[in-house]
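Colleague: Got a sequence here, can you model it:
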Amino acid sequence: MSAGLPPTGAADQPGELGEPENPTPADQARAAAALHEAFTRLSPQGSDAWNFLAAFTHLGDRYGPYHPGASALSDAVAAERDEGRRSGPLDRLRPRRDRGGRPEGGKTDLEEAMGHVVEAFRFLSARVETLEARLAAEDFPVDGAAWLVPARPLGTLAAPVAAYVSARTPGGVVVHADCGEGDLVRLLREGGTEAHGVEPRGAVALRALERGCSVTMAEASEYLASCAEGSSGGVVLSGVVDRLPLHALLSLLARSRRVLRRAAPLVVVTEPVASVAARQAPASDLVDGRPLHQATWELLLQRAGFADVAPLPDQADDEPRVALSATAPS
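Modeller: Sure, this is the predicted structure:
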């Protein structure tokens, strides 16, 4: 038997090391709790904030005013000094020395510069932490507030919109959002134009589906983002344009242009600009969007790259809503 090995059966004796026995449920729970505590304690490691702090802390320890150490540049300075050169391009990086050749105790230009860099990083870190704290405290829009807006049908505008789009589509599916109960989708299909509706309100979309319409329950921006480029023969936007903030409208127009085929029509139907007294609660209070003026819509459509921006033809004289037509560039 080897001198360094315990005798047979020694592993079973108390106090000796051997194969571990099957852990009890209590031991497993304690081990799991210890692992959870360790992961919780070490969770900042690997994050952006942790890596950022580690990076400039290392920079400060190596070059900064706290623990300056060696570097490739300082090695080059030392090599020139060892070669006995009295002057050179790296002279300003050498430690200042007195007449006896002893260091004066001052910092080199490199140490001075890197000290400022390290301090700049520390101030930058503090500013980033402040911005992150402010962003975490920002208010967020009411989730699902768009569903509070009632789905208003196109009414008298349905026929002129359908006629305009059918006469100008180059082929492909015409998308209507928000489609409501699918009046325009049905009119387009009856005229021989393939159409698809997008409606975020589940109960409203269900009624459109029960009427035989092709409808997707989603927001217009989400649906258009999933469509292939140049796949649509026309886009009609109504309802959705009255409840989105301005930056979301710009994104919606950009996505509409992306999915439209060349020279395909776009129609925007929006509510008239109402006074505060005429707004309806709670939808008008909780939803971010506000109806825009006609001149504003004309500007947005032109800036989005659409051509032939003009009022929709054949509108009823007593129609209060604003309907604008445009075409994708050919």
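
Colleague: Which parts of the stretch 201-330 of the chain are strands?
Modeller: With DSSP state E, counting those that start in this stretch as the definition, the stretch 201-330 of the chain shows strands at residue ranges 215-216, 232-238, 265-270, 307-311, 322-327.

Colleague: Report the rounded mean pLDDT for the third one.
Modeller: Right, the one you point to is strand 265-270. Average pLDDT, strand 265-270: 96.

Colleague: again with stretch 174-184
Modeller: When the per-residue pLDDT values of stretch 174-184 are averaged, the result is 95.

Colleague: can I see the domain layout of the chain?
Modeller: Using automatic domain parsing, the domains assigned to the chain come out as 48-136, 147-327.

Colleague: quick one on the thing from earlier: tell me which of the strands of the stretch 201-330 of the chain sits nearest to residue 252.
Modeller: Comparison of those against residue 252 by CB to CB identifies strand 232-238 as nearest, at 7.1 Å. Just so you know, the C-beta spots here come from the backbone N, C-alpha and C atoms, and that holds for glycine as well.

Colleague: Remind me what the closest one packs against, helices and strands.
Modeller: The contact analysis (3 or more CB pairs under 8 Å, 6 or more residues apart in numbering; DSSP states H and E) places strand 232-238 against helix 158-168, strand 173-177, helix 246-259, strand 265-270.

Colleague: Now the terminal residues of stretch 239-249, how far apart.
Modeller: Using CA to CA, to the nearest Å, the span of stretch 239-249 from its first residue to its last is 12 Å.

Colleague: which residues touch the nearest residue to residue 208 once chain neighbours are set aside?
Modeller: Excluding the flanking residues, the one nearest residue 208 by CB to CB, 6 or more residues apart in numbering is residue 182, at 3.5 Å. Residues near residue 182 by CB atoms under 8 Å, 6 or more residues apart in numbering: 197, 207, 208, 211, 213, 215.

Colleague: Confirm for me that residue 326 is in contact with residue 300.
Modeller: No: with contact defined as CB atoms under 8 Å, residue 326 and residue 300 do not form a contacting pair (10.2 Å).

Colleague: rewinding a little: which two among the contacts of residue 182 are spaced furthest apart?
Modeller: Checked with CB to CB, the contacts of residue 182 reach their widest spread between 197 and 207, with 11.1 Å between them.

Colleague: between those two, who's got more neighbours?
Modeller: Neighbour comparison, residue 197 and residue 207: the larger count goes to residue 197, with 29 against 17 (by other CB atoms under 10 Å).

Colleague: Give me the nearest residue to that one, chain neighbours excluded.
Modeller: Distances taken as CB to CB, 6+ apart place residue 179 nearest to residue 197, at 2.9 Å, with adjacent residues excluded.

Colleague: still on that earlier bit, of residue 326 and residue 300, who's got more company?
Modeller: Remark: of residue 326 and residue 300, residue 326 carries more neighbours, 26 against 19, as counted by other CB under 10 Å.

Colleague: Just give the number of residues close to the closest residue to that one other than its chain neighbours.
Modeller: For residue 326, ignoring the flanking residues on the chain, the nearest one in space by CB to CB, 6+ apart is residue 306 at 3.8 Å. Burial of residue 306, expressed as a neighbour count using other CB under 10 Å, amounts to 23.

Colleague: Contacts only, for residue 306.
Modeller: Under the criterion of CB under 8 Å, 6+ apart, the contact partners of residue 306 comprise 253, 257, 266, 326, 327, 328, 329.

Colleague: Check what pLDDT it gets.
Modeller: Spelled out, the predicted local distance difference test score at residue 306 is 97.

Colleague: likewise residue 278?
Modeller: For residue 278, the model assigns a pLDDT of 62.

Colleague: before we move on, what about residue 199?
Modeller: The predicted local distance difference test score for residue 199 is 92.

Colleague: ok, the nearest residue to residue 269 once chain neighbours are set aside - contacts?
Modeller: Leaving aside its sequence neighbours, residue 269 sits nearest to residue 238 (CB to CB, 6+ apart; 3.8 Å). The contact partners of residue 238, taken as CB under 8 Å, 6+ apart, are 154, 176, 177, 178, 268, 269, 270.

Colleague: Look up how far residue 268 lies from residue 238.
Modeller: Applying CB to CB, to the nearest Å, the value for residue 238 to residue 268 is 8 Å.

Colleague: Identify the contacts common to the two.
Modeller: Common neighbours of residue 238 and residue 268 are not found (criterion: CB under 8 Å, 6+ apart).

Colleague: so how far does stretch 135-155 reach from one end to the other?
Modeller: For stretch 135-155, by CA to CA, the gap between its terminal residues amounts to 43 Å.
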